[in-house]
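S.K.: Need coordinates for the below:
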Amino acid sequence: MKLNVYAFGSALVDVQVEVEDAVFRELGIEKGNMYLTERSRQEQVLKRLLGTDAFSPDTLSCRLQTAAGGSAANTVYGIVQLGGTAGLCGAVAGDAFGELYRRSMASSGVQFIPRLREGISGSCVVLISGDAQRTMLTCLGVSSEIAPDYIDAQQLQSSDYIYLEGYLFDSAMATETMLHAVKLARRAGVKIAFTASDAFCIERHRDLFLKLLDGDVDLLFANAQEACALTGAPDTGSALRALTAMCPGVAITDGERGSLVHLDGCTLRVAPQIVKAVDTTGAGDSYAAGLLYGLTNGFSLDLSGRIASLFSARVVSHVGPRYHGNIREEVRGLFAADRERPA
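M.R.: Just a heads-up that it's a prediction; the model follows:
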């Protein structure tokens, strides 16, 4: 099956919880960050918030929103929602969370061949504050244990792009796998997209990221903070100039200021969709989904950017990383608007 994108990512079951700001002070964590933690810490936090010791998919889904998530998984899920084709290389355990993940991927249309490992499946407790920021307590479990032999060579070679998730560079095994995938992609003429994931991830792996960008990445996704962290630049424009000197394609998102996209020597500013943000979980993932969907289906850079902006806005307007409206119909509205523009 021909794929638009074949992604490598942490297979995490997301558990979304809306909280007051006082919770962050009580828990001793900084709002807006991602923390690697143990399952016991997640259980402790949810017990404080929900008053229950139960940490099972059935119990949690009755009281909270759960989803088969992870950054790259959100992106490929979004590509399929838009009408594209996508696959995911990831690992889960043979437990209840792993079963939930496999069922969700199967129903989504994403090509996902479960790779079962001994241990526990990854999970992420997402604390959503009133200002729409998300703070993540992530237990990786086996999600980062993606071995080189997990790569589906047929899916990779039949894809327009492979998509690498920066978070996975925290795992030596996953790093080896993704660097091997880069070599396979280069030999097969498959383009390489990379998401920087988060500023703290960049701090941990900046030299590796920059080495990868300088020659191996065709399209980089980063938000403004991540772009400046990668380059040491003081502002988004300067960061874009530095990054395009290394990488032919760069997309930088900047919240209510919209985004900047550079590809094939052309730079454009994409206007934001004005919405009330409820939860920013998945905003960058859905933006990447929209842009990759457009580019791999023959749309112009301008239209692809507007699809990305629209999709991202729809995702942040409700709780959770997935949009449950009819995004294909809304994208068709963009096509209609294009036809109505004067020549």
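S.K.: which residues touch stretch 133-142?
M.R.: By C-beta atoms under 8 Å, 6 or more residues apart in numbering, the list of residues contacting stretch 133-142 from outside reads 10, 12, 24, 29-39, 41-42, 45, 91-93, 97, 117-129, 170-171, 279-281. Placement of C-beta: from N, CA and C, glycine included.
S.K.: My read is that C247 contacts F221, right?
M.R.: No. Here C247 does not reach F221: they are 10.7 Å apart, not a contact under C-beta atoms under 8 Å.
S.K.: Please identify which of the two sits among more neighbours.
M.R.: Between C247 and F221, counting by other C-beta atoms under 10 Å, F221 is the more crowded of the two (30 against 21).
S.K.: buried ones in stretch 233-253?
M.R.: 233, 236, 239-240, 242-244, 246-247, 249-253 (16 or more other C-beta atoms under 10 Å).
S.K.: List the ones among those residues that fall in helices.
M.R.: Of the buried residues of stretch 233-253, the ones assigned to helices by DSSP state H are T236, A239, L240, A242, L243, T244.
S.K.: Can you tell me which of the residues you listed is nearest R257?
M.R.: Using C-beta to C-beta, T236 comes nearest to R257 of those, at 8.0 Å.
S.K.: any idea how far that closest one lies from G325?
M.R.: 30 Å (C-beta to C-beta, to the nearest Å).
S.K.: likewise G298?
M.R.: 24 Å.
S.K.: So for the two, which residue has more residues nearby?
M.R.: Legend: neighbour count by other C-beta under 10 Å for G298 and G325, higher for G325 (12 against 8).
S.K.: Please name the nearest non-neighbouring residue to the more buried one.
M.R.: Closest residue to G325 apart from its sequence neighbours, by C-beta to C-beta, 6 or more residues apart in numbering: R314 at 6.3 Å.
S.K.: surely the one you found meets E330?
M.R.: Yes. With contact defined as C-beta under 8 Å, R314 reaches E330; the gap is 7.2 Å.
S.K.: For the two, work out which one has more neighbours and name it.
M.R.: Between R314 and E330, counting by other C-beta under 10 Å, R314 is the more crowded of the two (18 against 15).
S.K.: So which bits of whichever strand or helix holds that one are buried?
M.R.: Assigning secondary structure by DSSP states H and E places R314 in helix 301-316. Buried residues in helix 301-316, counted by 16+ other C-beta under 10 Å: 301, 303-316.
S.K.: Just checking, which helix or strand succeeds the helix or strand of the chain with the lowest mean pLDDT along the chain?
M.R.: Sorting the helices and strands of the chain by mean pLDDT, DSSP states H and E puts helix 57-63 at the bottom, at a mean of 64. Using DSSP H and E, the helix or strand that follows helix 57-63 in sequence is strand 65-69.
S.K.: What distance do you get for P248 to R241?
M.R.: 14 Å.
S.K.: can you count the residues close to G333?
M.R.: There are 10 residues near G333, going by other C-beta under 10 Å.
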